[in-house]
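J.: Sequence and predicted model, in that order:
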Amino acid sequence: MSPAPRTIAVSLNPAVDRSLTVPGFAVDRVNRIAASRTDPGGKGVNVACFLAHLGQSVALAGLLGRETAALFTRQFAAMGVTDITVPVAGATRTNLKILDPDAGTVTDLNGPGPAVTAADVTAVRRALEHASAGGLDWLVLSGSLPDGLPPDTYADLIAWGRARGARVVLDTSGAALAEGIGAGPDILKPNRAELEALMGHALPDMTAVVASAGRLVAGGVGLVVVSLGPGGAVVRDRDGAWLAVPPAVPVASTVGAGDALVAGLIHATAQGLPVPEAARVAVGVSAAALGEIGPRLPALDHIEALAARVTVTPLETDRAGPRR
C-alpha cells in the first residue's frame, strides 16, 4: 500500500463546470454554441488535479453532493488524486462558463450549491484528521465558502493545519479572506481585485500592490502572491518582492489559471527552489493552464518550456516587518 499523501487540498464549495464555447457571444440575442464540455471544478479540485499532474501525491477533502459525485470521483481516479471527500445531500452546484474565442472573454454564471451545516464541516475535519495521521506537509484551502458556513471557517482550518506542522495556503475572497489572514497562513494568493477589496482602496500601480502585499507579510503572512492576469504575478515575502511575467500564449480559457499558479508554487517550493525560481515555475504552470479547458494541463515538457520563458524581475520594497 502506498503511503498517505502529505498534501491535502480542501474544497468546501466545489462545482460542476459546464464550459460553452460561443463565438460572438452577446446578451439579449440568440447565441449558437459551437462546443460544450462538463468538468469537475472548484478551486480546490483544480489545485489537487494540477498537483497530481505535476507528480505530487495529493488528497482532496471537502464536500460533494451525492447526485453529481460520480463526475468527480472518475476524475480523481484518472488523475491519481486520493479522494477523502464527504458526501452531502443534493447536487454539487453548477457553474456555466461562456467562452467567446472572438472576443477572448469568459463570462461566469455561478449557481447555488447544497445547504451545508457545521456537522458537515466536522465530518471534513474528521477526514482530515484520519488522512494526516502520518504527517502533513501542505494544507491548501481554496475557493469560496458555501452558504451556511461562518467566515472564520478557513481561519479555524489554518490554525488546525499549522498546529500539525503543515504549511498552509489560502486562496479565497471576501470575509473568508479577511478572517483567514488573522490565522497567519504561510502563503496567501489573492488576485489584484481581491487585494484591493481587502485593503479597502484601489491599487493603481505596482508600487501600491507591492506595499499592500508587504503589509500582509508584516502582519504575519509568510508569502503573498498577487495574480495579475496577463501581467503575471507579484510575489512578496519578508526578504523581497519579484514580478514574474509569462510569455504570450494562446488562451482557450482563463478558468483555473490562478489554481494552476497555486499548484505550481507548491510544487516548486516542495522542491526547495528559492522564491524567485518558485515564482517562475508557478507562473509557467499558470500560463500552461490557459491553453486547456477544465482541470488539466499539457505535457510536463511543455510546462517546463513555458516556465523557462517567464521573466522574473526584483521589485523595490519597503521593509516588510519582523520575522515570524
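T.: Received it, and whenever you're ready, just let me know what you need. Residues are numbered from 1 along each chain as shown.
J.: ok, residues contacting whatever helix or strand Ser19 lives in?
T.: Assigned by DSSP states H and E, Ser19 falls within strand 15-21. With C-beta atoms under 8 Å, 6 or more residues apart in numbering as the test, strand 15-21 has contacts from 33-42, 68, 71, 91-101, 110-111, 113, 253, 255, 293-294. Where C-beta positions appear, they are placed from N, C-alpha and C, glycine not excepted.
J.: List buried residues within those residues.
T.: 39-42, 68, 71, 91-101, 113, 253, 255, 293-294 (16 or more other C-beta atoms under 10 Å).
J.: quick one: which of the contacts of strand 15-21 sit in strands?
T.: Members of the contacts of strand 15-21 lying in strands (criterion: DSSP state E): 35-41, 94-100, 110.
J.: Looking at those residues, which one is closest to Gly135?
T.: Pro40 (27.5 Å; C-beta to C-beta).
J.: Which parts of the chain are helices?
T.: In the chain, the helices defined using DSSP state H lie at 43-53, 69-79, 118-131, 153-163, 174-181, 192-199, 206-218, 257-270, 275-289, 300-308.
J.: Out of those helices, the one nearest Asp239 is which?
T.: Per C-beta to C-beta, nearest to Asp239 of the helices of the chain: helix 275-289, 7.4 Å.
J.: The chain - how does it break down into domains?
T.: The chain is divided into the following domains under automatic domain parsing: 1-25+32-185, 187-324.
J.: okay, these in CSV with mean pLDDT next?
T.: Below are the domains of the chain laid out as CSV (pLDDT from 0 to 100):
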stretch, mean pLDDT
domain 1-25+32-185, 93
domain 187-324, 93
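J.: Pull the contacting residues for Asp186.
T.: So Asp186 contacts Arg162, Arg167, Val168, Val169, Val221, Gly222, Leu223 (C-beta under 8 Å, 6+ apart).
J.: Try it again at 10 Å.
T.: 138-139, 158, 161-162, 166-170, 220-223, 269, 324 (C-beta atoms under 10 Å, 6 or more residues apart in numbering).
J.: cool, Ala278 as well?
T.: Counted by C-beta under 10 Å, 6+ apart, Ala278 has contacts 223, 225, 235, 242, 244, 264-272, 312.
J.: okay, which residue is most central for the chain?
T.: Geometric centre of the chain, nearest residue: Asp259, 3.2 Å, by C-alpha atoms, centre = their mean.
J.: excluding its backbone neighbours, what's nearest Met199?
T.: Ser212 (5.1 Å; C-beta to C-beta, 6 or more residues apart in numbering).
J.: just checking, the one you found touches Arg236?
T.: Yes - contact criterion C-beta atoms under 10 Å: Ser212 and Arg236 qualify, at 9.0 Å.
J.: Neighbour count for the two, which is higher?
T.: More neighbours surround Arg236 than the other of Ser212 and Arg236, with 27 against 21 (other C-beta atoms under 10 Å).
J.: Do I have it right that that one meets Pro190?
T.: No - applying C-beta under 10 Å, one finds Arg236 not in contact with Pro190, separated by 11.4 Å.
J.: Identify the contacts common to the two.
T.: Contacts common to Arg236 and Pro190, judged by C-beta under 10 Å, 6+ apart, are Ser212, Ala213, Leu216, Val224, Val225, Val226.
J.: burial of the last one, as a residue count?
T.: Other residues near Val226 come to 26 when the count uses other C-beta under 10 Å.
J.: Identify the residues contacting it.
T.: Applying C-beta under 10 Å, 6+ apart, the residues near Val226 are 188-192, 194-195, 203, 206, 209-210, 212-213, 216, 232-236, 241, 243.
J.: what are the bridge partners for it, then?
T.: Val234 (DSSP bridges).
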